[in-house]
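In: Fold the following and give me the result.
(4 chains)
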2 protein chains.
Amino acid sequence: MPYTYEYPRPSVTVDCVVFGFDDKEPDLKVLLIQRAADPYKDCWALPGGFVDMDEPVETAAMRELEEETGLTDVFLEQLYTFGNPGRDPRGRVISVAYYALIAPADKQITAASDAQNVHWFSVNHLPPLAFDHDLILQTGLQRIRGKVSYQPIGFELLPEKFPLSALQKLYETVLETPLDKRNFRKKILSMGILKELDEFQQDVSHRAARLYSFDKAKYEQMVKEGFYFELKEQRSRETARKKLNPKG
Amino acid sequence: MPYTYEYPRPSVTVDCVVFGFDDKEPDLKVLLIQRAADPYKDCWALPGGFVDMDEPVETAAMRELEEETGLTDVFLEQLYTFGNPGRDPRGRVISVAYYALIAPADKQITAASDAQNVHWFSVNHLPPLAFDHDLILQTGLQRIRGKVSYQPIGFELLPEKFPLSALQKLYETVLETPLDKRNFRKKILSMGILKELDEFQQDVSHRAARLYSFDKAKYEQMVKEGFYFELKEQRSRETARKKLNPKG
DNA sequence: ATGGCTTTGTGTATTGCATACACTTTAACA
DNA sequence: TGTTAAAGTGTATGCAATACACAAAGCCAT
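Out: Residues are numbered from 1 along each chain as shown, chains lettered A, B, ... in the order given. Below you'll find the predicted structure:
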């Protein structure tokens, strides 16, 4: 026990809420691991672990994610720090949570390290989770729901090349609202941040859709010039009217 | 040195970016303390300190804020966690940063604890800061710039009763853009989240403006019913036209 | 009291964008 | 070849954002 301090110190961990989108189902999924060790042995949990003394916190998140699930090169952003006393039976543990967005089809998942199992779960059918991981997960869900409308992070959940219908389904799923096809296409295309490809869907039993890709360089250029991404839930005229005159 | 652990542990601190608004100047201010102890003795810094083992992190932020500046009952939200190795010369210190919004006129400030001095600084005229506090402060600034447009947090920076011109100046200051008076008033009043008071400015050497207050209960009710606060930088027709046809 | 100064407070015409809405085209497969 | 499934496309309407200027109020100095 060589590490001695004048005052007590908490442990610091990282946890990752990894979101994935499947446009076949379609629903929003979260990657969970089944714990191989106590506490909460056999319970499902977010991938994560202790921060090393000489690594940045975000690096720790990426390292733990790779160790436990095999994932590398993912979009990763800090979510929130959870540090209530009592959230971990081992003592005072403060956890810096991150959220990641990946296109499951693009990435291979492998259980490793102290995960005995890794699995995608729909956010609507989650198992009981270890620690306060359900709170962390719900916080992540709120975050991406709030964020997709104002930042083009949704593209991180799609493969590099995708049909417009997949993008629309993604937005419909995350925002939990149907969108009008013509209006959606008109709006996203008018932004000019998509590259129209000369490629089409393969192996579909109906007319193949044209594929697009997100033009990140152009998007960043446009942001510099004052462009403002916005792709929100459509507010119907009904709703708008009610706002002004609640009696109908 | 009674605290001994099997693995090394970082220290965990909190830091607070306290924003205030002065509609006389008008500019956005930040509350800084002058450190009474090493490291960075005499240097200006964000109020903050170590998290106790048995208190929630947010409680630590409120406690340190009160100890060092005398402030209580302020709007406080978590901002971001800064934990790069090397950010503190005392060793590995991970800091959970919060930001606070207050109306300086409503609150009394008092230097105490290990602050030898407390002072409001304009965000445009900051002294050199201790640790990575400039990074934290800029992160806070970005956060409120991004957030005022979509959440009515601006009211936290005004006294309870305020004239519309103060609200407008606040938005102009935070968004760094002029706003049209008639359009601003039309929009904010049409939202129905302001209570029109039967009180007027006192001691002004011109026509006294009517005072308003933010109707928080009504706002929260409206949010439940699907209301969506939005008060953004106005995009001129010029700008909008350039977007579609860059050549003019 | 009068005129000057400062800030409040108000209305309308125009334009652009969001919305609502349905049918034809394409391609695979039976 | 016709059945099925999804892709792809245009327009009319209405609301909301914008641009814009002057009269009213109240204090102050003369």
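In: can we go C-alpha only for contacts and neighbour counts from here?
Out: Fine.
In: What helices and strands are in contact with the helix or strand harbouring A:Leu170?
Out: Using DSSP states H and E, A:Leu170 maps to helix A:164-175. Applying 3 or more Cα pairs under 8 Å, 6 or more residues apart in numbering or on different chains; DSSP states H and E, one finds that helix A:164-175 contacts strand A:27-35, helix A:133-147, helix A:181-191, strand A:210-214.
In: Can you add distance to chain B and mean pLDDT and give those back as JSON lines?
Out: Listed next are those as JSON lines, based on distance: least, Cα to the nearest Cα, whole Å; pLDDT from 0 to 100:
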{"stretch": "strand A:27-35", "distance to chain B": "21", "mean pLDDT": "96"}
{"stretch": "helix A:133-147", "distance to chain B": "10", "mean pLDDT": "97"}
{"stretch": "helix A:181-191", "distance to chain B": "8", "mean pLDDT": "97"}
{"stretch": "strand A:210-214", "distance to chain B": "18", "mean pLDDT": "97"}
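In: Tell me which of those sits most buried.
Out: Most buried of the helices and strands packed on helix A:164-175, by mean neighbour count (mean count of other Cα atoms under 10 Å in any protein chain shown): strand A:27-35, with a mean of 22.
In: Which residues of chain A lie near chain B?
Out: Taking Cα under 8 Å from any Cα of the partner chain as the criterion, chain A approaches chain B at residues A:1-12, A:53-57, A:78, A:80-81, A:83-85, A:92, A:96, A:227, A:243.
In: Okay, now the unreliable bits of chain A?
Out: Scanning chain A for pLDDT under 70 picks out the ranges A:1, A:237-248.
In: what does it have sitting close to DNA strand D?
Out: Contacts of chain A with DNA strand D, taken as Cα under 7 Å from any atom of the strand, map to A:163-165, A:181-183, A:185, A:205-210, A:237, A:240-241.
In: Quick one: check stretch A:213-226 for contact with DNA strand C.
Out: No: using Cα under 7 Å from any atom of the strand, we find that stretch A:213-226 stays clear of DNA strand C, coming within 13.8 Å at best.
In: quick revisit: from the residues of chain A next to DNA strand D, which are also near DNA strand C?
Out: When contact is defined as Cα under 7 Å from any atom of the strand, the residues of chain A next to DNA strand D meet DNA strand C at A:181-183, A:205-208, A:237.
In: For the residues you listed, work out which two are farthest apart.
Out: With Cα to Cα as the measure, no two of those lie farther apart than A:Ser205 and A:Arg237, at 36.7 Å.
In: Compare the two (neighbour count), which wins?
Out: A:Arg237 (9 against 6; other Cα atoms under 10 Å in any protein chain shown).
In: so what does the lengthiest strand in chain A touch, helix or strand wise?
Out: In terms of residue count, the longest strand belonging to chain A (DSSP state E) is strand A:11-22. Using 3+ Cα pairs under 8 Å, 6+ apart, the elements in contact with strand A:11-22 are strand A:27-35, strand A:48-50, helix A:57-69, strand A:93-102, helix A:133-147.
In: any chance of the ones you listed in a markdown table, with distance to B:Leu135 too?
Out: Listed next are the helices and strands packed on strand A:11-22 as a markdown table, based on distance: least, Cα to Cα, whole Å:
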| stretch | distance to B:Leu135 |
| --- | --- |
| strand A:27-35 | 32 |
| strand A:48-50 | 25 |
| helix A:57-69 | 16 |
| strand A:93-102 | 18 |
| helix A:133-147 | 23 |
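In: what's the closest of those to B:Phe131?
Out: That would be helix A:57-69 among the helices and strands packed on strand A:11-22, by Cα to Cα, at 17.1 Å.
In: circling back to that earlier point, tabulate the helices and strands packed on helix A:164-175 (CSV), appending distance to A:Asp198.
Out: CSV is the format used below for the helices and strands packed on helix A:164-175 (distance: least, Cα to Cα, whole Å):
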stretch, distance to A:Asp198
strand A:27-35, 28
helix A:133-147, 30
helix A:181-191, 16
strand A:210-214, 7
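In: what's the closest of those to A:His119?
Out: strand A:27-35 (5.5 Å).
In: who does that closest one touch, helix- and strand-wise?
Out: Looks like strand A:27-35 contacts strand A:11-22, strand A:44-45, strand A:115-122, helix A:164-175 (3+ Cα pairs under 8 Å, 6+ apart).
In: give me that answer again for 7 Å
Out: Judged by 3 or more Cα pairs under 7 Å, 6 or more residues apart in numbering or on different chains; DSSP states H and E, strand A:27-35 is in contact with strand A:11-22, strand A:44-45, strand A:115-122.
In: nearest to DNA strand C, of these?
Out: Shortest distance between DNA strand C and the helices and strands packed on strand A:27-35, using Cα to the nearest atom of the strand, is found for strand A:11-22: 21.3 Å.
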